[in-house]
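Enquirer: Below are the sequence and a predicted model for it; my questions follow.
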Amino acid sequence: MKLLHTADLHLGRLFHGRDLIDDHEAVLGQIAAAIDAHRPDVLIIAGDIYDRAAPPASAVSQFNGFIRRIFNETDTAIVMIAGNHDSGDRIGSMAALADNRRALVRGPLAREEMPLILRDEHGPVAFSGLPFGNEFAARECFVDTAIAAPADVLAAQLAAARRHVPESARWVVVAHAFVTGADPCESERKLVVGGVETAPSDLFDGAHYVALGHLHRPQTVGSGRVRYSGSPLAFGFDEADTPKSMVLVDLKADGDVETTLLPFAPLHRLRILRGALADLLAAAETSPDFVKVILTDPARQIDPMSRIREAYENAVVLSYARDETRLETKSANLALGASADPLHVIAEFLARVHPDAQTAAEQRLVKAGLAALAHRESAA
């Protein structure tokens, strides 16, 4: 069975004030062209369809037109879930209009995660769609007050899904999560405020392919079976050199997978230019790229952005190298607290000051304390 995996469309997003509707139209057209060319059995969209819970009407119309095209002009089934940027209710409402024989649309959390079951010549394939949900919604849904972090939410969802997967079926999981060990980007919204937002990849043990959304860099985590497609467009200049792609997955009879990356060709690439203002103006060239300019001039220049935009019409960010250096130094000093898993930080600290390893009871106590802190911060 062939699958086409993408995620993190973020329809309706602006890039430094620039409307991306044409960029998104190009991306959706390339997804449709890939479906025409490769004839996948299933299109997977692993969350963050929209950039916010109440997207602009133009983004809703754009996505509706794309979905109609796939349903009306192809035989490809669709599996899509809500991400942390989406309104679960908005995404879930699409399920009422979908053909449940060739579509699985998951918005809010559900206590019983019923799969879409498709068949090929080798037998059944079960698709479980696990939408994003916070800990508080999950506690109510699963009637479990012990749910305290995204990993607990995902574990509850997977348990609810496993119960309904036929024993002989190959299993594909679609989820929107931050898996431990993955490489994030600056443009992603955190899943929790404080606390631990990552989930271990071994939660997915038993699945033959895991189609992930949330992180914008294409990558695998733990094994080739657990994969982020990444976002079709770059939303931060830290992604300037990151190739963007969708994933064509060939799911074999025995559950093995072969993957092929199908590159996106964006209307606007991201480029970082560094140099003295006079040199950059002299070297100007016509380009559709979105540009970040880092000036190396030792002194502040007069109205530099206006002058830059006369030469580079899509320049959107300007800074000075000396300021960037200060920011990098500050970020390096804060890197541990900003990006490390708090559970790991605490475990490493205790290992330094205490000769014995953490007990299971101590680990539960630390986890509960972090969850309580996250709850207080979110309620403040």
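Expert: Looks like it came in fine. What you see is a predicted model, and the numbers here were worked out from it, not measured in a lab.

Enquirer: Just give the nearest non-adjacent residue to Arg322, would you?
Expert: The spatially closest residue to Arg322, leaving aside those adjacent along the chain, is Pro298, at 7.6 Å (C-beta to C-beta, 6 or more residues apart in numbering). C-betas here are computed from N, CA, C, even on glycine.

Enquirer: List phi and psi for that neighbour.
Expert: phi -70, psi -30 (degrees, to the nearest 10).

Enquirer: now swap in Ala161 and tell me
Expert: The phi/psi pair for Ala161 (degrees, to the nearest 10) is phi -80, psi -40.

Enquirer: Which residues are in contact with it?
Expert: Residues counted as contacts of Ala161 (C-beta atoms under 8 Å, 6 or more residues apart in numbering) are 113, 115, 128, 130, 173.

Enquirer: closest to Asp48 among those?
Expert: Closest to Asp48 out of the contacts of Ala161 is Leu130 (13.9 Å), distances taken as C-beta to C-beta.

Enquirer: how near is that closest one to His268?
Expert: 33 Å (C-beta to C-beta, to the nearest Å).

Enquirer: Those two - which one has more neighbours?
Expert: Leu130 (26 against 20; other C-beta atoms under 10 Å).

Enquirer: Model confidence for the more buried one, exactly?
Expert: On pLDDT, Leu130 comes in at 98.

Enquirer: Please name the bridge partners of it.
Expert: Ala175 (DSSP bridges).

Enquirer: you'd agree it is up against Arg106?
Expert: Yes. Contact status for Leu130 versus Arg106: in contact at 7.1 Å, counting by C-beta atoms under 8 Å.

Enquirer: Overlap of the contact sets of these two?
Expert: 81, 113.

Enquirer: Got phi/psi on the closest residue to Asp22 other than its chain neighbours?
Expert: In space, and not counting its chain neighbours, Asp22 is closest to Leu267: 6.1 Å by C-beta to C-beta, 6+ apart. For Leu267, the backbone dihedrals (degrees, to the nearest 10) come out as phi -70, psi -40.

Enquirer: if I pick Leu267, what's in contact with it?
Expert: Residues near Leu267 by C-beta under 8 Å, 6+ apart: 22-23, 26, 288.

Enquirer: Test for you: state the pLDDT assigned to it.
Expert: For Leu267, the predicted pLDDT is 96.

Enquirer: Check the nearest residue to His214 once chain neighbours are set aside and give its pLDDT.
Expert: Leaving aside its sequence neighbours, His214 sits nearest to His176 (C-beta to C-beta, 6+ apart; 5.0 Å). Predicted confidence (pLDDT) for His176: 98.

Enquirer: Name all residues that make contact with Ser201.
Expert: 179-181, 221-223, 226.

Enquirer: For it, give me the pLDDT.
Expert: 95.

Enquirer: Tell me the backbone dihedrals of the residue lying closest to it once chain neighbours are set aside, please.
Expert: Spatial nearest neighbour of Ser201, chain neighbours left out: Gly222 (3.4 Å); criterion: C-beta to C-beta, 6+ apart. The phi/psi pair for Gly222 (degrees, to the nearest 10) reads phi 80, psi -50.

Enquirer: what does Ala240 give?
Expert: phi -60, psi -30.

Enquirer: my read: it touches Leu270, true?
Expert: Yes. Ala240 lies in contact with Leu270 (C-beta under 8 Å); the separation is 4.1 Å.

Enquirer: Need the overlap of contacts for the two.
Expert: Residues touching both Ala240 and Leu270 (C-beta under 8 Å, 6+ apart): 234, 292.

Enquirer: tell me, how many neighbours does Arg102 end up with?
Expert: Counted with other C-beta under 10 Å, Arg102 comes out at 16.

Enquirer: ok, now which ones touch Thr260?
Expert: Counting by C-beta under 8 Å, 6+ apart, Thr260 has contacts 247-248, 250.

Enquirer: Throw those residues into a markdown table and include neighbour count, pLDDT and secondary structure, thanks.
Expert: A markdown table is the format used below for these (neighbours: other C-beta atoms under 10 Å; pLDDT from 0 to 100; DSSP: H, G, I helix; E, B strand; the rest coil):
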| residue | neighbour count | pLDDT | secondary structure |
| --- | --- | --- | --- |
| Val247 | 23 | 98 | strand |
| Leu248 | 18 | 98 | strand |
| Asp250 | 14 | 98 | strand |
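
Enquirer: Let's have the residues you listed in CSV, adding distance to Val42.
Expert: Shown next, in CSV, are the contacts of Thr260 (distance: C-beta to C-beta, whole Å):
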residue, distance to Val42
Val247, 12
Leu248, 11
Asp250, 12
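
Enquirer: give me the low-pLDDT residue ranges for the stretch 51-200 of the chain?
Expert: The stretch 51-200 of the chain contains residues with pLDDT under 70 at 194-195.

Enquirer: Repeat the analysis, applying 90 as the threshold.
Expert: In the predicted model of the stretch 51-200 of the chain, residues 95-101, 190-196 satisfy pLDDT under 90.

Enquirer: Tell me where it has helices.
Expert: Using DSSP state H, counting those that start in this stretch, the helices of the stretch 51-200 of the chain run over 57-73, 88-93, 135-142, 150-162.

Enquirer: for the stretch 201-350 of the chain, same thing?
Expert: With DSSP H, counting those that start in this stretch as the criterion, the stretch 201-350 of the chain has helices spanning 277-282, 304-311, 321-339, 342-353.

Enquirer: Look at Glu197 and say how many residues are nearby.
Expert: 20.

Enquirer: next one: the one 5 residues further on
Expert: Neighbour count of Asp202, defined by other C-beta under 10 Å: 11.

Enquirer: Could you check how far it is from Ala138?
Expert: In terms of C-beta to C-beta, Asp202 sits 20 Å off from Ala138.
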